[in-house]
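Colleague: okay, predicted coordinates and the sequence, questions at the end:
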Amino acid sequence: MSSVSHVATRPDGYAPLTPQCVMDALEGVGLYGDGRLLQLNSYENRVFQVHLEDGRVVVAKFYRPGRWSDAQILEEHAFALELDNDEVPVAAPLCLPISGDTLAHATFDGVDYRFCVTERRAGRAPELDNPQTLEWLGRFIGRLHATSKRHRFEYRRTLNVETFGHQPRAALLNGNFIPDEQRGSWQSAADAALARVAVAFNACPTVGWLRLHGDCHTGNILWRDNEGPHFVDLDDACSGPAIQDLWMLLSGDSASMEQQLAVVLTGYHSFMDFDRRELTLIEPLRTLRMIHHSAWLAERWSDPAFPKAFPWFGTTSYWAEQASQLLEQCAAMDEPPPQP
């Protein structure tokens, strides 16, 4: 397919993407809606459930303008199709009728949108307090990693202290998102935390790093009774350590996390070996996620949906809490990792 031109995006981002524009975009690739359209919950992208004239129900995802390149999106699609071919449950993008491609674009009011379409896949959040569910999730992610280890990403980003730590830190400080009265304490806490993250990453080998889902929390996993888990997309797919797709399934105190991790790894080992040296990255990865999330909110602040959904962002109390939590992470990273 032809590459997408990089039309300058507007501060209101998705404002031109009206329901009629969504229907027009789908019609342009040979998918004809019957008029029924429902916007689904998503802050990063705009996602719509669409009923087609032929009786099918599909999901159309319009990517946030300017976030990914064509090459990065197509690499995500190729990974999803590879998983689907291996019968790993994931909603893979459909080949669009007119072009035969998985990625298309449409321009409305000067904003260029790239989009893809998948089959509708429903479900609910998995119950992580159930050991059988945790073991099933371990098998599920083990199957995903067994496929992902066959190839490498060329264009997707790599999860490391620079991309998820120092770059977000710089964006927050340079963008003046932190109130003056909290700027020094947050910067000091972030610098101390990132120094520990760097030590942990430098001590952990990167030879076995994989293509990952990348954002494997329960909001991104759908569960169906008798069928188990599936992913609806791979929007945050990246390269990194296997533990990144496992640690967000854990919660509670150290003893609880050790028990949960033991169950998850029991399932994971059915399909993949696990390098226990990566256990030292759990708290560093949690730290990177905290800093990256604050920068994610900052970078999206011109989207009107974000101030409405996250009104506490930018307040003095928010940044005081973030500084305190980063200092807690420093203490956590000084402790031995869980030993399931």
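Modeller: That came through fine. Residues are numbered from 1 along each chain as shown.
Colleague: please name every helix or strand in contact with the lengthiest helix in the chain.
Modeller: Using DSSP state H, we find that the single longest helix of the chain is helix 180-203. For helix 180-203, the packing partners by 3 or more CB pairs under 8 Å, 6 or more residues apart in numbering; DSSP states H and E come out as helix 161, helix 167-174, helix 282-299, helix 316-334. From N, CA and C alone the C-beta is placed, and that goes for glycine too.
Colleague: now do the contacts for residue 222.
Modeller: The contact partners of residue 222, taken as CB atoms under 8 Å, 6 or more residues apart in numbering, are 121-125, 229-232.
Colleague: what about stretch 289-297, average pLDDT?
Modeller: Stretch 289-297 carries an average pLDDT of 97.
Colleague: in it, which residues are buried?
Modeller: Buried positions in stretch 289-297, judged by neighbour count with 16 or more other CB atoms under 10 Å: 289-292, 294-297.
Colleague: which residues touch it?
Modeller: For stretch 289-297, the external contacting residues (CB under 8 Å, 6+ apart) are 164-165, 167-169, 171-172, 177, 190, 193-194, 306, 310, 313, 322, 325-326, 329.
Colleague: buried among those residues? Make that a PyMOL selection.
Modeller: Buried residues within the contacts of stretch 289-297, by 16+ other CB under 10 Å, are selected in PyMOL with:
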select buried, resi 164+165+168+169+171+172+177+190+193+194+306+313+322+325+326+329
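Colleague: let me see the contact set for residue 315.
Modeller: Counting by CB under 8 Å, 6+ apart, residue 315 makes contact with residue 179.
Colleague: over to residue 147?
Modeller: Shown in contact with residue 147 (CB under 8 Å, 6+ apart): 82-83, 86, 88.
Colleague: ok, the nearest residue to it once chain neighbours are set aside to residue 149 distance?
Modeller: The shortest distance from residue 147 to any non-neighbouring residue, by CB to CB, 6 or more residues apart in numbering, is to residue 86 (4.8 Å). As for residue 86, its distance to residue 149 is 12 Å (criterion: CB to CB, to the nearest Å).
Colleague: report the distance from stretch 106-120 to the chain centre.
Modeller: Computed by CA atoms, centre = their mean, to the nearest Å, the chain-centroid distance of stretch 106-120 equals 19 Å.
Colleague: now residue 134: which helix or strand?
Modeller: Of the helices and strands defined by DSSP states H and E, residue 134 is found in helix 131-148.
Colleague: quick one: the strands in the protein?
Modeller: 33-40, 46-52, 57-62, 104-108, 111-119, 210-212, 221-224, 228-231, 238-240 (DSSP state E).
Colleague: so which of the ones you listed gets nearest residue 184?
Modeller: strand 238-240 (31.2 Å; CB to CB).
Colleague: helices or strands next to the closest one in the packing?
Modeller: By 3+ CB pairs under 8 Å, 6+ apart, strand 238-240 packs against strand 210-212.
Colleague: ok, now with 6 Å
Modeller: The helices and strands touching strand 238-240, judged by 3 or more CB pairs under 6 Å, 6 or more residues apart in numbering; DSSP states H and E, number zero.
Colleague: circling back: who wins for proximity to residue 15 among the helices and strands packed on helix 180-203?
Modeller: Smallest distance to residue 15 across the helices and strands packed on helix 180-203 (CB to CB): 17.6 Å, for helix 282-299.
Colleague: tilt between the closest one and helix 180-203?
Modeller: Using axes from the mean of the first three to the mean of the last three CA atoms, to 10 degrees, the inter-axis angle of helix 282-299 relative to helix 180-203 is 140 degrees.
Colleague: how far is helix 282-299 from where the chain is centred?
Modeller: A distance of 12 Å separates the centroid of the chain from that of helix 282-299, by CA atoms, centre = their mean.
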